[in-house]
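Visitor: sequence unknown, structure follows:
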């Protein structure tokens, strides 16, 4: 698709260059030009400009669906037809620029890196249990996370002919409210959608009595029913004790603070005044409620605003209920044949997709993005996704051969190989620097031809 005879530009070579730049030395498109001056890459045009790279990105988006379909064909043999465990998660990508255009992807939303409002777009990644990226999605920066699921699942079912899909997602993505819609969507193709999701924290209030009656086996697992599905609970006693102790210690600190304020108010009433600003019951209420809110303990400590003097109460019942959930992971699934241990292991493997996002943001440096046009932003995301696929394939091959190097370490080792060109009169002599046994081993491990 990219090798069009009508186009003067070698789009394939330029896209390859941008993908390799993301893997080897991620930089802006202008930085990519400077990098190209320092590397020897087969089939590269002699002259490459910034406009060439931008036009290549535009051409890539003209054929993005075809490229993604062909990529899916290459990945298909690695995906189990009978059972495909699909992990899906979203991350936010910061983006620069204040101007607004039509159909802008750049929107203000809660940024997962900054922890505050930022202009961004949202990137979704779907991957297999082995950590192989299947596809990616790009959304405006203020999209509701649950609304991205249906389009993602439709595409996965179209591109990958699996009979059964087990969708693993975090509690912020897959809600009890949209499960019925998703399962109906999968059933239309005669395929079955199953899921493993963490119970949203807002539903924990409905589980208090269920958790009181749980009996855990030697491995710390228990099973019950909730919302018509299997409820699997994993319990870690050490983590539970740590969480409970930390909560009670923070509550004790706040109570000491409150007692100190009461003592100061009582001393003032008795005619004893300290240096500084005079204390008041209203000020004590304000300071105490703010400190409790910042500690996220409003369920347990409450100021008594009906009393004439500053006072508070401790809700021991609420504390005991919270301790029921300490050290526990509550999962909901409709997969009938997965054991509790398998369901927990599948969910914990979701952390691997988080590592994929860290690779995108650190090694591949997807952010910050300086593009303005929506299709250029999508092209940038696709280039970074292709780099992630190559990174993960490298990791799979290194792991399969028992090699201890990470993809980043392997790339750094291979980057030391240099190509030299010497001119002697009319003659030009090309050659490579001496390769080490460690470098040659990497070519074998990665199933790549050795450089000539």
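Guide: Received, thanks. Owing to the predicted nature of the structure, the values given are computational and were not obtained by experimental measurement.

Visitor: buried sites along stretch 102-110?
Guide: 104-107, 109 (16 or more other Cβ atoms under 10 Å). Every residue, glycine included, has its C-beta placed from N, CA and C.

Visitor: scratch that, stretch 48-59
Guide: Using 16+ other Cβ under 10 Å as the test for burial, stretch 48-59 gives 48, 52-57, 59.

Visitor: and those residues, which two are the farthest apart?
Guide: Using Cβ to Cβ, the two most remote members of these are 48 and 59, lying 14.3 Å apart.

Visitor: of the buried residues of stretch 48-59, which is the nearest to residue 425?
Guide: Top of the list for closeness to residue 425, among those and by Cβ to Cβ, is residue 48 at 29.5 Å.

Visitor: can I take it that that closest one is in a strand?
Guide: No. Assigned with DSSP: H, G, I helix; E, B strand; the rest coil, residue 48 falls outside any strand and is coil.

Visitor: distance check, it against residue 285.
Guide: Distance check for residue 48 against residue 285: by Cβ to Cβ, to the nearest Å, it reads 67 Å.

Visitor: one step back: what would the buried residues of stretch 48-59 look like in JSON lines with pLDDT?
Guide: JSON lines is the format used below for those (pLDDT from 0 to 100):
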{"residue": "48", "pLDDT": "93"}
{"residue": "52", "pLDDT": "93"}
{"residue": "53", "pLDDT": "94"}
{"residue": "54", "pLDDT": "93"}
{"residue": "55", "pLDDT": "92"}
{"residue": "56", "pLDDT": "93"}
{"residue": "57", "pLDDT": "94"}
{"residue": "59", "pLDDT": "92"}
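
Visitor: in helices only, show me those.
Guide: 52-57, 59 (DSSP state H).

Visitor: any idea how far stretch 42-53 is from the chain center?
Guide: Here stretch 42-53 is found 33 Å from its chain centre; the criterion is Cα atoms, centre = their mean, to the nearest Å.

Visitor: distance between the ends of it?
Guide: Criterion Cα to Cα, to the nearest Å; first-to-last residue distance in stretch 42-53 is 17 Å.

Visitor: list the contacts of that stretch.
Guide: Residues outside stretch 42-53 that contact it (Cβ atoms under 8 Å, 6 or more residues apart in numbering): 9-10, 13-14, 17-18, 29-30, 32-33, 36.

Visitor: show me what the one helix or strand residue 14 maps to is packed against.
Guide: When elements are defined using DSSP states H and E, residue 14 is found to belong to helix 11-24. For helix 11-24, the elements it packs on are helix 29-36, helix 50-62, helix 374-400, judged by 3 or more Cβ pairs under 8 Å, 6 or more residues apart in numbering; DSSP states H and E.

Visitor: any idea how far it is from the chain center?
Guide: For helix 11-24, the separation from the chain centroid amounts to 24 Å (computed by Cα atoms, centre = their mean).

Visitor: check which residues of stretch 244-260 are buried.
Guide: So for stretch 244-260, counting by 16+ other Cβ under 10 Å, buried means 244, 247, 250-251, 254, 258.

Visitor: which helix is the longest one in this structure?
Guide: Counting by DSSP H, the longest helix found in the chain is helix 237-269.

Visitor: what mean pLDDT does that one get?
Guide: Averaged over helix 237-269, pLDDT sits at 91.

Visitor: what's it packed up against?
Guide: Where contact means 3+ Cβ pairs under 8 Å, 6+ apart, helix 237-269 is packed against helix 281-294, strand 301-303, strand 312-314, helix 316-325.

Visitor: make sure residue 181 is indeed in a helix.
Guide: Yes. With three-state DSSP as the criterion, residue 181 is located in a helix.

Visitor: how about low-confidence regions in the chain?
Guide: 4-7, 80-83, 171-178, 182-183, 185-191, 273-277 (pLDDT under 70).

Visitor: name the SS class of the residue located most distally from the centre of it, please.
Guide: The C-alpha centroid of the chain is most remote from residue 271, which lies 59.0 Å away (Cα atoms, centre = their mean). Recorded secondary structure, residue 271: coil (three-state DSSP).

Visitor: may I see the ones in helices among the buried residues of stretch 48-59 arranged in a markdown table, with distance to residue 291 as well?
Guide: A markdown table is the format used below for these (distance: Cβ to Cβ, whole Å):
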| residue | distance to residue 291 |
| --- | --- |
| 52 | 58 |
| 53 | 53 |
| 54 | 53 |
| 55 | 57 |
| 56 | 56 |
| 57 | 51 |
| 59 | 58 |
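
Visitor: give me the domain ranges for the protein.
Guide: 81-207+335-370, 238-325 (the TED database).

Visitor: right, so these: which one is the most enclosed?
Guide: Neighbour counts (mean count of other Cβ atoms under 10 Å) averaged over each of those peak at domain 81-207+335-370, with a mean of 17.

Visitor: before we move on, back to that, out of the contacts of stretch 42-53, which end up buried?
Guide: Buried subset of the contacts of stretch 42-53 (neighbour count, 16+ other Cβ under 10 Å): 9-10, 13-14, 17-18, 29, 32-33, 36.

Visitor: biggest separation within the residues you listed, which pair?
Guide: Across those, no pair lies farther apart than 10 and 29, at 16.2 Å, counting by Cβ to Cβ.

Visitor: could you say whether residue 92 sits in a helix, a strand or coil?
Guide: Secondary structure, three-state DSSP: residue 92 is strand.

Visitor: ok, the one 5 residues further on next?
Guide: The three-state label given to residue 97 by three-state DSSP is coil.

Visitor: that one contacts residue 370, correct?
Guide: Yes. Look at residue 97 against residue 370 with Cβ atoms under 8 Å: they come within range, at 7.1 Å.

Visitor: need the contact list for residue 300.
Guide: Residues near residue 300 by Cβ under 8 Å, 6+ apart: 247, 251, 314-315, 318-319, 322.

Visitor: if we can go back for a sec, what is the nearest of the ones in helices among the buried residues of stretch 48-59 to residue 230?
Guide: If you rank those by distance to residue 230 using Cβ to Cβ, residue 57 comes first, at 46.2 Å.

Visitor: if I pick the residue lying closest to that closest one once chain neighbours are set aside, what's in contact with it?
Guide: In this structure, residue 57 finds its nearest non-sequential neighbour in residue 379, 3.8 Å apart by Cβ to Cβ, 6 or more residues apart in numbering. Residues in contact with residue 379, defined by Cβ under 8 Å, 6+ apart, are 57-58, 60-61, 64, 371.

Visitor: could you rerun that using 7 Å?
Guide: Residue 379 is in contact with 57, 60-61, counting by Cβ atoms under 7 Å, 6 or more residues apart in numbering.
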